[in-house]
Every structure is written in C-alpha cells, then in structure tokens.
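> Need a 3D model of the following:
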Amino acid sequence: MGLSFEAIKNILDIKDNIVMSEEEMAHNLKIAFYPKISKETPSEIIDFSEKLKKTFIEIGVDVVPYESVLESISFKRMVKMIFMSFGMTLKNLFSGKFEFFKFDFGKKVKKGVSLIMIGEGETGDLPVDHVLSLRENPMILICKAPLGITKKSSLQDHISASLPIFSWNLVNLIISVGDENWTVYSYNMSYPTYDKKGDFKKDVLHGLVPKIYAPVIPPRMSDFEVRNGAFDTANPVYEPFIKDLVLSGKMFAKTRLYPEPRKISDLKFRNSFYRWLGSLLLDKRNGMSYGFLARQLPVELSLAKEITGFPDKDFFFKDDKLNVVLNFKNKKYSIEVPEVWILTSRSGSDKTNLDLKRDIVKMGLVNGKMIIETPKGVPVGPDYKPSFDTKVIFSHSVANAIFASLMKSLGVKSDFPKNLETNGRALAHWHGYFNKSLISSGWYFYGTENPTVSCSAPQGAVYAFLGKEKMFTDVALGSKKYEADVHVEPQHGSNVSYSSLQELSEFILKNKNITSLGNEYLDTCI
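Take a look at the predicted model:
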C-alpha cells in the first residue's frame, strides 16, 4: 500500500525532520568529547573512548572539537536563569534545605550536538552543566561497568545497577565498559551488550548510533490539546474497557513482565539542583515505569472511495479532515483517517494495580493532532502524564483504523474490521520478547530489522506504522489468517496487539516460557 513518509508524519503529528537508517543517523550526528578527564578515570576507559572516537569518524559521524561548538548564553536566558536560581533557592530555604541553586553561566554546547564525558565528572562540571538544551543535546557517559553485572544478570539487576549512575551523572546514555564486554544503557532500561573482541564498527553503528540519535525524550504536554476533567470514568461506555485495563493488570502481575515502578524521589542525586534538572530531563515526572497497557476504544471506520488520476500527494485535508490515498491491487482509494481514542495507564503508574480514578489516561489522535483528557478532578501534572511510548500507541491504533476501513470497504474476508468497530483493540508493551518458536501461525512478527532506537523516539512510531501496513496488506490479500501481531523493538521490547488485555494475560499465563523480561528470546524473533 506504501504510504509516503510525509503522509505517515502528518498522520502521527510528527513535526521533526528525522532519518530512519543507521547510516543516515551516523551522518546526521555531531558529537563532541568533553576534554576534561578526571585523574581517577581508569586507563581502559580512556583507551575505549579513543577507539570509539576513531570509529565514529570512520562511519561518518561528525566528531568536532569541544571548543568549536560553544556559544554564549543570551542575555534573556541569563536573566531567566538568575530568577529561577533565586526562586528555587528560596523554595529550598522555606522547606528547611540550605542548598543554593547555582547555574553555570559560561559558554554552552550548541543545540544539536551530543556531548560525551569520559569518566565521571565532578559536581558542577557534569555534561548537564555544559549544554544549552536538555532535549536537543544528548549526553553520554563512558564509565566502568557496575559491579556484579554479568552476562547472566537479569533486567532487574541491570535496572538496579544503572539507575544510580543515571541519577548521579544526569545523562541520557551510559556506555559501561567491562573487562570483556561493553553495554549501552538508556532510560528504557535496555542493555545491549557487545564483546570487546567483536565487530566494533558494526556494533557502534547498529547498537550505539541509534540510541544517541534518537534518545529517550518523553512527550511534552505542550504537544497535546489538554482537556482537564473531560474524561468521565463513570460513563458506562468506558466500563468494559476500564475493567479490561484494571483486571488484566492484576493478572499481568503474575507474569512478572512489569517491574515495580521507580520513584524519582528514591534516586540519589548530588544535590537539590541536580534533582531538579533530573526532573526536567523526565518532563517533571515523579516516577518511571517500564511498559504500558492500552485499550483502543471501538472505532467508527471510514469508507474507502476509489479515485482516478494521480494526486500530487498521498494525503490531503478536506473540510479540515485528514485523508490518505492508498494503493491496493493497482487501484487508488481515498480514506478519511478515522479518529482514534485510547485508554492507557499513565506514565509512572503500577500497571499491575491501576487506580481507575487517577491512573487511566484518555488520549485521542484526531486529524493528525494529539489530545489528552484527564478524569474529573485530576489535572495534568507530575503524577498524571502520558506514556513515553505515546507515539507508538497512536501509531498502532491509527494504523488499525485506516487499514480496517480499507478492508471493510473492499469486503475482505476478515473478522478484524468488525471486531475493531465493536470491541476496539488491546495493546500491551513490556521490555522483553516472545519465544517465537512457541507461537501459532496466526501471529505476525515485524520490526526485528529496525534500528535500536529508544522508546519515545518518533522513528519507533513510524516503524510500527510501516510494520502494520505490510501486515495488513498480507491479510487483505488473504495470504494468512490474523490473530495477533507483535511489533518487536530491538533492545527495547515488544508491542503486542490482541483482542483484549485479559485474554492476552490469560494466554501468557497458560503458556509457560512463551515470553520473559530482558533479551532471552530476542534471537528467536529474528
């Protein structure tokens, strides 16, 4: 069917210019290494850094001198920083904390440049002290591997080992270097590990470059149309879907696929100033959780209309409604993109013990614009924000709606369009993979060949849409029965589309060793 990249971006409200392949990512990266290295930094970390710098250059990364990418802070920003520092210091004093906020007013690394620090820095001299933007300057730390981590360590072990490093150093990525291996950690708690004697250039290109180019950056509330108090959780129309979210969570608890959420307040920061910066890095969220549960509400499908001629673009707006043009069996069909609405667990919530009055978010994607509705009495705030994976959730949901509309209009023999109209669709995500060898033929797997981008990266949403597009083309052609689909995100996890969350949790509990946290079954998905 082949929708254009531009059309998919408009559907998903992606405004940034992004590239999709590792090679393009490498050529679009600009990286500076911070020149100051602590005397306590081990020689093996320095040697690894030199090898990494050389490899970056070989694969096309623009490695630039640190001094060449510095610029002065504008007067307007400096005044704002002074007032912020004064205000936060007063707030500390009133709460009994005698800590003073002190910004570094020196030159900063320009936006769009990634900054790598070799070994842990001193307080006041961290990467976060030297960048202009927490969103547009990815920060990376190269350090020794945490003690006790081995090839057999579990996801929980890696979480416990890496989170203190993140909070103490305030970076987006950690490259931990051991005696035999090196590992890349990100906020989504993936832990791809590579042999030092392996193909270093290949591992850097495919394992590290995508993580730097597309780091974990949570969606901003300014990206949404926010409707506080518009979501009535007591409305009977939502009852079966809220029930599915809440009851399935208790069943998923038995699967152990959803680690206990981590509160930002439990992490160790160097001081209150860095704790505040850490909060900003996570869009002022109070916690982090791993995975999500989502329930797409029933969809009013659109009618696909056959058109003739060759339109300039495969998307257009008519009466403020977004339409797309799909090619199928050498014919063109115009489809108004259906509205999609989703109930999902809020970011940081315990997915296995949801509070229906405060833990459920209602999100919509309407004509390429994102909307969020909060329950009555629950405004958007640090405790109520959408998932890091919001774009991916929308991508799966709107792809379901578009291709179900086409299938229904063409009379394709499939239960999927009718089920989507009456029951919606369930979507679950955890940081692990299925043992594909134990899965029936009605399941579709896709995404294993994609770059290892982090959660929240817009590329992940595009990869999801493209995977759905290919899958539904096969279904529409009648080549395979459709039961479920699994969007594999390498070194991140799995997004599973199923009839309901309760049925999915029952399926997992009945089939031991069919999935697990971590990378145990990743190779079986390839």
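
> Can you give the strand pairings for the helix or strand containing I140, parallel or anti for each?
Using DSSP states H and E, I140 falls within strand 139-144. Sheet pairing for strand 139-144, assigned by DSSP bridges, gives strand 114-118 (parallel), strand 173-177 (parallel).

> will you turn these into TSV that also has distance to A161?
Any C-beta I mention is one placed from the backbone N, CA and C, and that applies to glycine too. Output for the strands paired with strand 139-144, formatted as TSV (distance: least, CB to CB, whole Å):
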stretch	distance to A161
strand 114-118	19
strand 173-177	8
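
> Of those strands, flag the one that's most buried.
Comparing the strands paired with strand 139-144 by mean neighbour count (mean count of other CB atoms under 10 Å), strand 114-118 comes out on top with a mean of 24.

> Tell me which residues are up against it.
29-34, 37, 41, 45-46, 49, 52, 109, 126-127, 130-131, 137-142, 169, 171, 212 (CB atoms under 8 Å, 6 or more residues apart in numbering).

> Wait, D223 touches I14, no?
No: between D223 and I14 there is no contact under CB atoms under 8 Å: 10.3 Å.

> Of the two, which one has the most company?
More neighbours surround I14 than the other of D223 and I14, with 19 against 15 (other CB atoms under 10 Å).

> A helix includes the more buried one, no?
No: counting by DSSP: H, G, I helix; E, B strand; the rest coil, I14 is not part of a helix but coil.

> which residues does it contact?
Contacts of I14 by CB under 8 Å, 6+ apart are 8, 391, 458, 461-462.

> Widest-spaced pair of those residues?
The most widely separated members of the contacts of I14 are I8 and K391, with 11.1 Å between them, by CB to CB.

> Which one's more surrounded, those two?
K391 (27 against 23).

> Helix or strand: which one has F317?
Going by DSSP H and E, F317 is part of strand 315-318.

> So V299, which state does it fall into?
Going by three-state DSSP: V299 is coil.

> Likewise for N327?
Classified using three-state DSSP, N327 is strand.

> Which residue ranges of the stretch 201-350 of the chain form strands?
Per DSSP state E, counting those that start in this stretch, the stretch 201-350 of the chain carries strands over the ranges 224-231, 262-263, 287-288, 292-296, 305-307, 315-318, 321-328, 331-336, 340-345.

> Who are the contact partners of the closest residue to F434 other than its chain neighbours?
If the residues on either side of it in the chain are set aside, F434 comes closest to T515, at 4.7 Å by CB to CB, 6 or more residues apart in numbering. For T515, the residues meeting the contact criterion (CB under 8 Å, 6+ apart) are 255, 257, 430, 432-435, 494, 508, 521.

> list the contacts for P219?
P219 touches 283, 370, 386, 388, 390-391, 456, counting by CB under 8 Å, 6+ apart.

> Just the ones of the residues you listed in strands?
M370 (DSSP state E).

> Turn the contacts of P219 into TSV, including pLDDT.
Shown next, in TSV, are the contacts of P219 (pLDDT from 0 to 100):
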residue	pLDDT
D283	69
M370	95
P386	77
F388	82
T390	91
K391	92
S456	77
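
> Need the contacts of P219 in CSV (columns: distance to L477).
Listed next are those as CSV, based on distance: CB to CB, whole Å:
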residue, distance to L477
D283, 42
M370, 32
P386, 35
F388, 35
T390, 31
K391, 28
S456, 33
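
> mind listing the helices in this protein by residue range?
Counting by DSSP state H, the chain has helices at residues 5-11, 22-27, 43-58, 75-94, 155-169, 200-203, 209-213, 239-255, 272-281, 390-410, 416-423, 458-476, 501-510.
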